[in-house]
Every structure is written in C-alpha cells, then in structure tokens.
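K.L.:
predicted model and sequence below, questions to follow.
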Amino acid sequence: MMLKLAGKTNVKSKSAFPVCDMMVGSDMLLIAGPCSVESEEQIFAIAEQVKSGGANMLRGGAYKPRTSPYSFQGLGRKGLEFLKAAGKKVGMPVVSEVVDTRAVFLACEDVDVIQIGARNMQNYELLKEAGRTDKPILLKRGLHASIEEWLNCAEYIMNEGNERVILCERGIRTMETYTRNTLDLSAVAAVRELSHLPVITDPSHGTGRPSLIGPMCLSSIMAGSDGCILEVHYAPELALSDGDQALLPEQFAAIASQMKKLWMFRQSLVEE
Ligand code: PEP
Ligand code: MN
C-alpha cells in the first residue's frame, strides 16, 4: 500500500488534531443529531437534546444523497445556516455532508467539519477540493470499498495539503439483510494498524436498527475507535429521512454515558 501520508511511514504513532476545542484522536468524539436538518425548530431542539445527552459535535444533513429522487433532498444552504446557528446556540461544532465540488467552499462558511459520504468516497474531484480547504474532513467508507481503497481516498485529501482526516466506518454491503449494512469492526482495528489517522464508527447506518446501536458503539470503542456518529430524532416517525434508525434523545444519552465509562476503561488498559 502506497500511503505516504495516511500510512505509518512518517507518522509512527496515532495522530490527534484539534477540532474547535477538542482533540480528535485523543478525546472521545461523539457526534449526534438528525439525519437531515428539517427545519430551524427541529435542529435547535435536537441540538439541545444531544448536547445534554453528552454529544460534543452536532450533525445534520443539508444535502442528502437519497436513493430516490422523490425523497426529501435536504434544505441545502438554508439547512447549513440553521445547523450553524444551532451549533452556536448550544456551543458545539457542526458537521455536514457536501455532495459536489461547488458546495465545498461555500459550506466552509457554516460547518466546522466537512463530511464526505459513503456514496461519494471515490469522487476524486470532491476529495481534492476538500483537501484544499482548512476544515477537518470526515471521510466515510464507501458501501463497497476495501480498506485499501478507503485509505487511498484519505491520501487524496491529504495530498492536497489537508492532513486533518477523520475516517468513518459506516458499514458495508454484504449478503446480510437483517441489518441495513454490516458494520465492519475489523476495519477499525485494521485502520489502527495501517494508519495514524483517527477513525470513528457510524452504528446508525451500520446497523439501521436502534436496538443494535448501543452494543455496536461499545464494541467499536473496544475495536479501537475514537468515537461514534449517531442519528437522533425526538420524533423518529416524523423524520424526513432515516427515521427507522433514529435513536430517541434518552436512548442516545444512555448510550453516551456507557461509552464514556468504557472509554475510561479502555484508557486504563491500553497505552495510547
Ligand atoms: C448520513 O450520514 O446521513 C449519510 C448519508 O451517511 P452515509 O454516507 O454513510 O450513507
Ligand atoms: Mn442518514
């Protein structure tokens, strides 16, 4: 594997870098929020709920890559503005997905972290554009991407000068149908072996089932993950996207508190 920047050739130990006032890679990253920003009221309410539940970053999609063109496509720029304002109100940095190169620099005005979604992992022009920004990039693993392909995508971003990449394992497609995707926890351990970059997991998309999210969050911490990104909604049945996998705010808070305990336990076990 030719990973000059993402690999361990030059940087031997795990890297950590600041995102606002947190050190990703050494502090546990807990990103939470709705799949989509649906309205100003919705994102403000969920921002308060996840903040008090223990999140340290707010998520919310404004440009949604949906399977059907007839499904809700997101609020676009307005959504980013609402997200930014909600993050500011509760004092949390915000992350949101961009789906095309033209939106990258505009999005930088509103978000603290740029997300590149699974469907765009190998959109090389998008990766290069993200690499020219000064924002950390949350790079999700593609639905069918090998670990090597995924790490090479991080390399694309870093090769443009942006070294702040956070990898995100969000489940891959397998023959299994009970779960929405198969959350590949061995990929987390493999990334820790092959790369110095921080890596988190997305058990929401990784399982598609609220009941499985808690166990997968805890397991991913033990696999070496630096945190999780989770979808939370106060009324999943009314959500405009991914309602079936949304956690209620109280479920999120219970998971967050278990994760924090496990994080401390892991620190007592491993020299990081
Ligand atoms: C999302 O985070 O809402 C999303 C669309 O994720 P993914 O790209 O992993 O499917
Ligand atoms: Mn989603």
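P.N.:
That came in fine, so what should we check first? Numbering: from 1, shown residues only. Ligands and ions are numbered 1, 2, ... in the order given.
K.L.:
would you mind listing what in this structure touches ligand 2?
P.N.:
35, 242 (Cβ under 5 Å from the ion). Any C-beta I mention is one placed from the backbone N, CA and C, and that applies to glycine too.
K.L.:
show me where the chain has its helices.
P.N.:
40-53, 77-90, 101-107, 124-131, 147-159, 185-194, 203-207, 210-223, 249-269 (DSSP state H).
K.L.:
closest one to L3 among the ones you listed?
P.N.:
helix 147-159 (5.6 Å; Cβ to Cβ).
K.L.:
find the centremost residue of this protein, please.
P.N.:
With distances taken as Cα atoms, centre = their mean, the residue of the chain nearest its centroid is I229 (4.7 Å).
K.L.:
in this structure, what residue comes closest to ligand 1?
P.N.:
G117 (3.0 Å; Cβ to the nearest ligand atom).
K.L.:
what's the local residue count around that residue?
P.N.:
Using other Cβ atoms under 10 Å, G117 has 22 neighbouring residues.
K.L.:
number of residues surrounding the residue in the stretch 151-272 of the chain positioned nearest to ligand 2?
P.N.:
Using Cβ to the ion, D242 is the residue of the stretch 151-272 of the chain that sits closest to ligand 2, at 3.8 Å. Using other Cβ under 10 Å, D242 is surrounded by 20 other residues.
K.L.:
list the residues that contact it.
P.N.:
Listed by Cβ atoms under 8 Å, 6 or more residues apart in numbering, the contact set of D242 reads 35-36, 204-205, 231.
K.L.:
repeat that with 10 Å
P.N.:
34-36, 61, 64, 66, 180, 204-205, 208, 231, 233, 236 (Cβ atoms under 10 Å, 6 or more residues apart in numbering).
K.L.:
so which bits of stretch 62-72 are buried?
P.N.:
The neighbour-count check on stretch 62-72 (16 or more other Cβ atoms under 10 Å) flags 62-64, 66 as buried.
K.L.:
also stretch 45-53?
P.N.:
For stretch 45-53, a neighbour-count test (16+ other Cβ under 10 Å) marks 45-47, 49-51, 53 as buried.
K.L.:
likewise for stretch 164-182?
P.N.:
For stretch 164-182, a neighbour-count test (16+ other Cβ under 10 Å) marks 164-172, 180-181 as buried.
K.L.:
residues from the stretch 51-200 of the chain in reach of ligand 1?
P.N.:
Neighbours of ligand 1 within the stretch 51-200 of the chain, by Cβ under 6 Å from any ligand atom: 61, 65, 117-119, 140, 170.
K.L.:
dump those residues to CSV, plus pLDDT.
P.N.:
What follows is those, written out as CSV (pLDDT from 0 to 100):
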residue, pLDDT
G61, 98
P65, 93
G117, 98
A118, 98
R119, 97
K140, 98
R170, 98
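K.L.:
tell me which of the buried residues of stretch 164-182 is nearest to V95?
P.N.:
Proximity of these to V95 (Cβ to Cβ) peaks at I166, which lies at 9.2 Å.
K.L.:
would you confirm that that closest one contacts A130?
P.N.:
No. Using Cβ atoms under 10 Å, I166 is not in contact with A130; the gap is 11.9 Å.
K.L.:
who touches both of the two?
P.N.:
Common contact partners of I166 and A130 (Cβ under 10 Å, 6+ apart): 115, 136-139.
K.L.:
what sits against the closest residue to H144 other than its chain neighbours?
P.N.:
Closest residue in space to H144, ignoring its immediate chain neighbours: R173 at 6.0 Å, by Cβ to Cβ, 6 or more residues apart in numbering. For R173, the contacting residues are 118, 142-144, 180-182, by Cβ under 10 Å, 6+ apart.
K.L.:
cool, and H196?
P.N.:
Taking Cβ under 10 Å, 6+ apart as the definition, contacts of H196 comprise 3, 5-16, 25, 163.
K.L.:
again, 7 Å this time
P.N.:
Applying Cβ atoms under 7 Å, 6 or more residues apart in numbering, we find H196 in contact with 8, 11, 13-15.
K.L.:
next, count neighbours for the spatially closest residue to the residue of the chain closest to ligand 1 that is not a sequence neighbour.
P.N.:
Spatially, and ignoring its direct neighbours in sequence, G117 is nearest to E97 (4.9 Å; Cβ to Cβ, 6+ apart). Residues lying near E97 (other Cβ under 10 Å) number 25.
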